[in-house]
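In: Got a predicted model here, sequence first, then my questions.
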Amino acid sequence: MPRQPFPTPQLLVIAGATFVCVSSEFLPTGILPDIAAGVGVTEAQAGLLISVFAFTVALTTIPLTRLTHRFPRKWLMVATLGGFAVTNVICAIAPDYWTLFAGRVLGGLAHGVFWAVTAPYAARLVKPSQVVRAASITTAGATLAFILGIPMGAAIGHAVGWRLSFVVMAGLIVLFALLVVLFLPPVEHRVTLRTGEIALPARRDPTLRIVIVICAIVALAALGQNTMSTYIVPWLIAVPAIDPGQVASILLLGGIGGAVSLLIAALVGDRDPHGVLLVTLIGLAGGGVALGLLGAAGWPAIAAYVLWSIAFGVVPPLTQGLMMRDASARLRDFAAAALTTSFNAAIGGGALIGSFVVAGLGLAWLPWFLVGFAVLAALVLLVEMLLPRGRERVG
């Protein structure tokens with residue numbers, strides 16, 4: 001029987017679709033003042049366009065994933081991309097703030113289902129021993145969105161206006177929807193019971209525990225990450241006293257660190273994902289300690305920032321790969337939806353916690369909250385690894 005080649009081209013299509021969707025999610029970040037002036041609101045109100053997107057994803061992903069479970073995965077991905085394109089057009093032509101707000105809510109509805117489809121899709125294209133490698137490729141789209149997508153959206157917005165930047169993003173999304181139609185094979189996501197087998201409800205699936213554990217790890221790690229990263233620009237300016245003109249270059253260094261982490265996950269993640277994830281979470285806590293101790297030291301703080309970016313960048317592909325490898329086939333879609341919910345709840349929750357920290361304790365305290373959440377995540381993983389049958393998996 002001929003050996004099936006690793007489906008790199010198909011995974012790159014998924015990565016590209018992920019790139020445009022994440023770029024769309026954070027598009028308002030780079031053009032916030034322009035949006036605020038365009039619809040006559042404060043920058044704080046414009047910032048809620050990002051928060052409402054994240055919280056919409058967190059609240060609706062699981063129920064929408066259950067409602068759409070019977071639909072073919074390929075065409076559901078195309079539908080979510082089409083929904084993204086439409087919501088970007090709504091934002092582009094919005095006559096007022098609340099229409100723009102509604103467009104972002106609709107975008108959040110599509111975003112959650114998109115993530116719930118793409119992670120299991122990639123896992124269904126490869127062997128179980130290759131899921132972390134596959135997740136590293138598809139997750140690269142999200143990382144590149146942070147490195148290139150957000151600056152690209154800002155550049156387009158400043159060059160042609162914030163409304164046209166939404167139009168350009170809609171066009172890119174339509175392009176990748178066409179690539180999905182042309183290049184992605186259909187996959188079977190429904191599990192056929194063997195003769196005599198009785199379908200178990202999700203709550204009795206023996207792999208449900210690992211789904212809950214990984215979601216807890218993601219929620220804790222991402223809470224710490226977003227508590228710090230949401231306020232990284234004011235922290236860089238105030239604590240290590242970086243010149244505002246150099247901030248964009250430093251953020252680019254952090255983004256490159258995130259790209260390096262994807263290479264690390266792809267090379268070693270499939271060998272011992274639990275062990276690599278534990279080392280990564282310890283490294284994340286260590287990066288927070290370095291930021292806390294070296295924050296006022298200038299460029300040593302920047303080195304600590306890059307190391308922190310590398311450490312956290314390993315977490316998404318590893319946790320996604322672990323989830324798709326260890327969850328049973330019948331739980332994969334639910335597991336992907338739960339993982340998306342955890343990430344987005346942590347995005348909104350971390351930003352909220354960070355605002356209280358900055359207002360009450362000051363910017364210099366942010367790294368220590370990163371440390372605390374990372375340590376808790378590492379402890380949850382360590383307990384899971386020590387428990388008997390912690391890695392049990394069913395088909």
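Out: On my side now, so go ahead.

In: Please give the three-state secondary structure assignment for residue 55.
Out: When classified by DSSP: H, G, I helix; E, B strand; the rest coil, residue 55 comes out as helix.

In: For it, give its distance to residue 221.
Out: Counting by C-beta to C-beta, to the nearest Å, the gap from residue 55 to residue 221 is 19 Å. From N, CA and C alone the C-beta is placed, and that goes for glycine too.

In: Between the two, tell me which one has more neighbours.
Out: residue 221 (31 against 18; other C-beta atoms under 10 Å).

In: Go ahead and confirm that one touches residue 374.
Out: Yes - using C-beta atoms under 8 Å, residue 221 makes contact with residue 374 at a distance of 6.1 Å.

In: what residues do these two have in common as contacts?
Out: 281, 284 (C-beta atoms under 8 Å, 6 or more residues apart in numbering).

In: quick one: contacts of stretch 223-236?
Out: Contacts of stretch 223-236 (C-beta under 8 Å, 6+ apart): 242, 247, 250-251, 254, 284, 288, 291, 295, 305, 308, 312, 315, 346-347, 349-351, 353-354, 357-358, 363, 366-367, 369-374, 377.

In: Could you tell me which of those belong to helices?
Out: Among the contacts of stretch 223-236, the members found in helices (DSSP state H) are 247, 250-251, 254, 284, 288, 291, 305, 308, 312, 315, 346-347, 349-351, 353-354, 357-358, 366-367, 369-374, 377.

In: list the buried ones in stretch 27-40?
Out: 27, 28, 29, 30, 31, 32, 34, 35, 36, 38, 39 (16 or more other C-beta atoms under 10 Å).

In: Residue 304 is in contact with residue 287, correct?
Out: Yes - assessed by C-beta under 8 Å, residue 287 is found in contact with residue 304 at 6.0 Å.

In: Checking residue 59 next. Helix, strand or coil?
Out: helix.

In: Low-confidence stretches in the stretch 51-200 of the chain?
Out: Within the stretch 51-200 of the chain, the stretches with pLDDT under 70 are 147, 149-151, 188-200.

In: who touches the nearest residue to residue 241 once chain neighbours are set aside in this structure?
Out: Distance criterion C-beta to C-beta, 6 or more residues apart in numbering; nearest residue to residue 241, sequence neighbours excluded, is residue 298 at 7.0 Å. When contacts are counted by C-beta under 8 Å, 6+ apart, residue 298 touches 240, 241, 242.

In: Dihedrals phi and psi, residue 298?
Out: When read as degrees, to the nearest 10, the backbone of residue 298 gives phi 80, psi -120.

In: Give me the contact list for stretch 32-49.
Out: Outside stretch 32-49, the residues that reach it (C-beta under 8 Å, 6+ apart) are 28, 94, 96, 97, 100, 101, 104, 157, 158, 161, 162, 163.

In: on that earlier part again, from the contacts of residue 298, which is closest to residue 111?
Out: Taking C-beta to C-beta as the measure, residue 111 lies nearest residue 242 of those, at 32.3 Å.

In: ok, the closest one - how many residues close by?
Out: Neighbours around residue 242, by other C-beta under 10 Å: 20.

In: what about it, distance to residue 355?
Out: From residue 242 to residue 355 the distance is 21 Å (C-beta to C-beta).

In: the helices in the stretch 151-300 of the chain, which residues?
Out: 162-183, 208-229, 232-238, 247-268, 273-294, 299-326 (DSSP state H, counting those that start in this stretch).

In: ok, now the stretch 1-150 of the chain?
Out: 8-25, 27-30, 32-39, 43-67, 73-93, 97-124, 131-144, 150-160.

In: most packed of those?
Out: Among the helices of the stretch 1-150 of the chain, ranked by average contacts under mean count of other C-beta atoms under 10 Å, first place goes to helix 131-144 (a mean of 26).

In: Quick check: the residue nearest to residue 366 when sequence neighbours are not counted vs residue 23, distance?
Out: Among residues not flanking residue 366 along the chain, residue 228 sits closest, at 4.9 Å (C-beta to C-beta, 6+ apart). Noted for residue 228: a distance of 22 Å to residue 23, by C-beta to C-beta.

In: where are the low-confidence patches of the stretch 201-350 of the chain?
Out: 201-204, 206, 269.

In: For ChimeraX, write the selection for the buried entries among the contacts of stretch 223-236.
Out: Restricted to buried positions by 16+ other C-beta under 10 Å, the ChimeraX selection for the contacts of stretch 223-236 reads:
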select :242,250,251,254,284,288,291,295,305,308,312,315,346,347,349,350,351,353,354,357,358,363,366,367,369,370,371,372,373,374,377
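
In: unless I'm mixing things up, residue 184 is touching residue 12, no?
Out: No - with contact defined as C-beta under 8 Å, residue 184 does not count as touching residue 12 (10.7 Å).

In: what's around the residue nearest to residue 366, how many residues?
Out: 28.

In: quick one: it from residue 385, how far?
Out: Relative to residue 385, and taking C-beta to C-beta, residue 228 is found at 26 Å.

In: Residue 213 too?
Out: 10 Å.

In: So for these two, which sits in the more crowded spot?
Out: A direct count of neighbours by other C-beta under 10 Å for residue 213 and residue 385 places residue 213 higher, at 20 against 14.

In: re earlier: okay if I get the helices of the stretch 151-300 of the chain as JSON lines plus distance to residue 85?
Out: Converted to JSON lines, the helices of the stretch 151-300 of the chain look like this (distance: least, C-beta to C-beta, whole Å):
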{"stretch": "helix 162-183", "distance to residue 85": "4"}
{"stretch": "helix 208-229", "distance to residue 85": "27"}
{"stretch": "helix 232-238", "distance to residue 85": "30"}
{"stretch": "helix 247-268", "distance to residue 85": "26"}
{"stretch": "helix 273-294", "distance to residue 85": "35"}
{"stretch": "helix 299-326", "distance to residue 85": "25"}
